[in-house]
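A.B. asks: What follows is a predicted protein model with its sequence.
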Amino acid sequence: MQIKSQLNQLIQRACERAEIPAENVQVNEAGKPEFGDYQFNGAMALAKRLGRNPREIAQSIVEAIEENEMLDRVEIAGPGFINLHLRADWLAAGLDAAARDERLGVGRFETPRKVVVDYSSPNMAKQMHVGHLRSTIIGDSLANLFAFLGDEVIRQNHIGDWGTQFGMLIAYLEELGEGAEGSLHDLEEFYKAAKKRFDEDAAFADKSREYVVKLQGGDVRCLHLWENFIDKSLGHCEEVYSKLHVKLTREDVRAESSYNDDLEAIVKDLEAKGLLQESQGAKVVFTEGEENPLIIQKSDGGFLYATTDLAAIRFRVAQLGAKRISYVVDARQAGHFQQVFTVARLAGYAPEDVQLEHVSFGMMLDKSGRPFKTRDGGTVKLIDLLEEAVERAKGAITQREAYSKEELEKIAEIVGIGAVKYSDLSINRESNYIFDWDRMLSLEGNTSLYQQYAYARIRSIFRKYQGEVTGEVKIGDELERRLALKLLQLEDVLRAAAREAMPHYITTYLYELATLFMKFYENNPILREDVPEDLRQSRLILARCTAETLRLALEILGIKVLERL
Ligand code: ARG
């Protein structure tokens, strides 16, 4: 159920009836309980525009609100705030309906779109790094979210598998022969060793350059070496995906190299459209407000990262039919995307009805605020990081004695991986993110473990209860009321998170929900014998709906729950 848009419509119609020219009326959640559940604060701005008294405007709006089942009371406060109080029986009925629905009352988009989510997209020459970890986690949760709300999601792993460094890498791969398998285990080391050979041995360097040319020319043997290398490198990434329970498969890989044959055509097309200019021998497109043009083709004929991205946009719109393309890539590439998007619009690859967005995110920092590195300044191997998360999770599970070794392993995996994902998703993605083991595995605060405990706690109530839940929701006290309202806000939260590509809206909501539930549960016993049966039934529905909401929202974020913890 969408509460806000229903209220917006009520107020919008009231304005029309009162002949107040208001556009795009928006209510907000009230800042404090005494201001009601929602507020409409637009009367002041309207009054200013119309040269009228704000309280008078507010008064006319309130008087013009039509008969409805949602609102209990409407009050005018201060200079003209309109405070909206929802009816308890309306909340109860809404919750009864949501509790019976497997989507918990969450609808689907009226006009679903085809959405491409470009995420993870590591470079094959090197080890996947923490920036790709963030992209993978954020991107996967957004893809899940869009799909849940009804969009047709196409995941695209735009891996970097082309470029001059591959000449060096395959030359080295060939040189190692049989011994290569073992060395490819650590890509970082492999790259370093190849680079060392390249710098120290002129003959090897020549051969590397020759292999680049051969590779580009389609030489079968070089292509074979290259494919073998990419396969191994992608295998490393897939280990990480599977540990992370991320839904990326080989089918989602559309590598940079798959656009190679389109690049020449892009240049011709931009030329034909009069967008291309020569600058210092290179072919470039100048875009408004940018000092440096976007380079499309270098003077030596080579193409660039941006050229491939233009080809990819063209493909995604024309072939895949995308209406929204979300690039989950770190903030340092903001300039790149801005320019690529501008050129894609100018060239007509992305018409106005296609939304292009850079879902940017900040850096991952260590506890002292420095870029996340190993002690000796190297890149952290992600697989090691994830394994450490699972190990540390064992320490965070309070009842660990109660489990067998295998059980503990399984639980620690869900808790540890959940913690890594949740802590990343729970901050505004645009900020830098401080990676802190203690905080992410804490039982207190906005963590996955807190949610997982809340879920398991509710499940334990139902194990004890065992009976059927047959009654209906009755809102008794303020805590029940607030819990019911929070539960019914799920759809508004999911839609806002999807619209703005902001997963942390969901985690903030989950934290509020779990906290509210804990308070409710402390004050409103469920199974205690002296609780009247109709109240017990109502509270059971509230509890179950809370558990289902936690489970569903965490699942969208790619985090699992446990029946016992
Ligand atoms: N491979 C790039 C990198 O690691 C990220 C690619 C992002 N996607 C894109 N379409 N440019 O920086």
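C.D. replies: Looks like it arrived, so ask away. Residues are numbered from 1 along each chain as shown.

A.B. asks: Show me what counts as buried in the helix or strand of the chain with the lowest mean pLDDT.
C.D. replies: Here the helix or strand of the chain ranked lowest by mean pLDDT, DSSP states H and E is helix 180-183, holding a mean of 79. Within helix 180-183, the residues scored as buried using 16 or more other C-beta atoms under 10 Å are 180, 183. Every residue, glycine included, has its C-beta placed from N, CA and C.

A.B. asks: With stretch 58-70 instead?
C.D. replies: Applying 16+ other C-beta under 10 Å to stretch 58-70 flags 58, 59, 60, 61, 62, 64, 65, 70 as buried.

A.B. asks: out of these, which are inside helices?
C.D. replies: 58, 59, 60, 61, 62, 64 (DSSP state H).

A.B. asks: need the contact list for the first one.
C.D. replies: Translated: residue 58. Shown in contact with residue 58 (C-beta atoms under 8 Å, 6 or more residues apart in numbering): 43, 76, 80, 81, 82.

A.B. asks: How is residue 73 assigned, secondary-structure-wise?
C.D. replies: strand (DSSP: H, G, I helix; E, B strand; the rest coil).

A.B. asks: OK, contacts around it?
C.D. replies: 36, 85.

A.B. asks: Distance check, it against residue 249.
C.D. replies: Noted for residue 73: a distance of 53 Å to residue 249, by C-beta to C-beta, to the nearest Å.

A.B. asks: Can you show me the helices along the stretch 301-450 of the chain?
C.D. replies: 305-318, 334-346, 382-396, 405-425, 437-440, 448-465 (DSSP state H, counting those that start in this stretch).

A.B. asks: Who is the residue in the stretch 251-400 of the chain positioned nearest to the ligand paired with across the strands?
C.D. replies: The nearest approach of the stretch 251-400 of the chain to the ligand comes at residue 329, 4.5 Å away (C-beta to the nearest ligand atom). With DSSP bridges as the criterion, residue 329 is bridged to residue 360.

A.B. asks: Hmm, it is touching residue 138, no?
C.D. replies: No. Checked against C-beta atoms under 8 Å, the pair residue 329 and residue 138 is beyond contact range at 10.0 Å.

A.B. asks: more neighbours, the two?
C.D. replies: residue 138 (29 against 25; other C-beta atoms under 10 Å).

A.B. asks: give me the number of residues near residue 226?
C.D. replies: For residue 226, using other C-beta under 10 Å, the count is 23.

A.B. asks: what helix or strand is it on?
C.D. replies: Using DSSP states H and E, residue 226 sits within helix 220-243.

A.B. asks: one step back: which residues are common contacts for residue 329 and residue 138?
C.D. replies: Residues within reach of residue 329 and of residue 138 at once, by C-beta under 8 Å, 6+ apart, are residue 359.

A.B. asks: circling back to that earlier point, would you turn the contacts of residue 58 into a markdown table with secondary structure?
C.D. replies: Formatted as a markdown table, the contacts of residue 58 follow (three-state DSSP):
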| residue | secondary structure |
| --- | --- |
| 43 | helix |
| 76 | strand |
| 80 | coil |
| 81 | strand |
| 82 | strand |
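
A.B. asks: could the residues you listed be laid out in a markdown table, adding distance to residue 372?
C.D. replies: Listed next are the contacts of residue 58 as a markdown table, based on distance: C-beta to C-beta, whole Å:
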| residue | distance to residue 372 |
| --- | --- |
| 43 | 48 |
| 76 | 52 |
| 80 | 49 |
| 81 | 45 |
| 82 | 47 |
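
A.B. asks: So what touches stretch 227-245?
C.D. replies: Contacts of stretch 227-245 (C-beta under 8 Å, 6+ apart): 120, 122, 124-125, 127-128, 133, 136-137, 140, 159, 161, 166, 169-170, 173, 184, 187, 246, 248, 250, 253, 255, 382-383, 386-387, 417, 420-421, 558, 560.

A.B. asks: now do stretch 294-306
C.D. replies: 256, 263, 266-267, 270, 276, 280-287, 307, 310, 336, 339-340, 343.

A.B. asks: give me that answer again for 7 Å
C.D. replies: 263, 267, 270, 276, 280-285, 287, 307, 336, 339-340, 343 (C-beta atoms under 7 Å, 6 or more residues apart in numbering).

A.B. asks: Derive a ChimeraX selection command for the buried subset of those residues.
C.D. replies: Applying 16+ other C-beta under 10 Å to those, the buried members can be selected in ChimeraX as follows:
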select :263,267,270,276,282,283,284,285,287,307,336,339,340,343
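
A.B. asks: which of the contacts of stretch 294-306 are close to the ligand?
C.D. replies: For the ligand, no contacts are drawn from these by C-beta under 6 Å from any ligand atom.

A.B. asks: from the contacts of stretch 294-306, which single one is nearest residue 435?
C.D. replies: Relative to residue 435, the closest of the contacts of stretch 294-306 is residue 336; by C-beta to C-beta it sits at 25.3 Å.

A.B. asks: And the pLDDT for the residue lying closest to the closest one once chain neighbours are set aside?
C.D. replies: Of all residues not flanking residue 336 in the chain, residue 306 sits nearest, at 6.6 Å (C-beta to C-beta, 6 or more residues apart in numbering). pLDDT, residue 306: 97.

A.B. asks: Next: residue 242.
C.D. replies: pLDDT, residue 242: 96.

A.B. asks: Could you count how many residues lie near it?
C.D. replies: Neighbours around residue 242, by other C-beta under 10 Å: 10.

A.B. asks: and the gap between it and the ligand?
C.D. replies: Going from residue 242 to the ligand by C-beta to the nearest ligand atom, to the nearest Å gives 20 Å.

A.B. asks: and what of residue 26?
C.D. replies: For residue 26, the distance to the ligand - C-beta to the nearest ligand atom - is 34 Å.

A.B. asks: contacting residues around the residue nearest to that residue when sequence neighbours are not counted?
C.D. replies: In space, and not counting its chain neighbours, residue 26 is closest to residue 8: 6.1 Å by C-beta to C-beta, 6+ apart. Shown in contact with residue 8 (C-beta under 7 Å, 6+ apart): 25, 26, 27.
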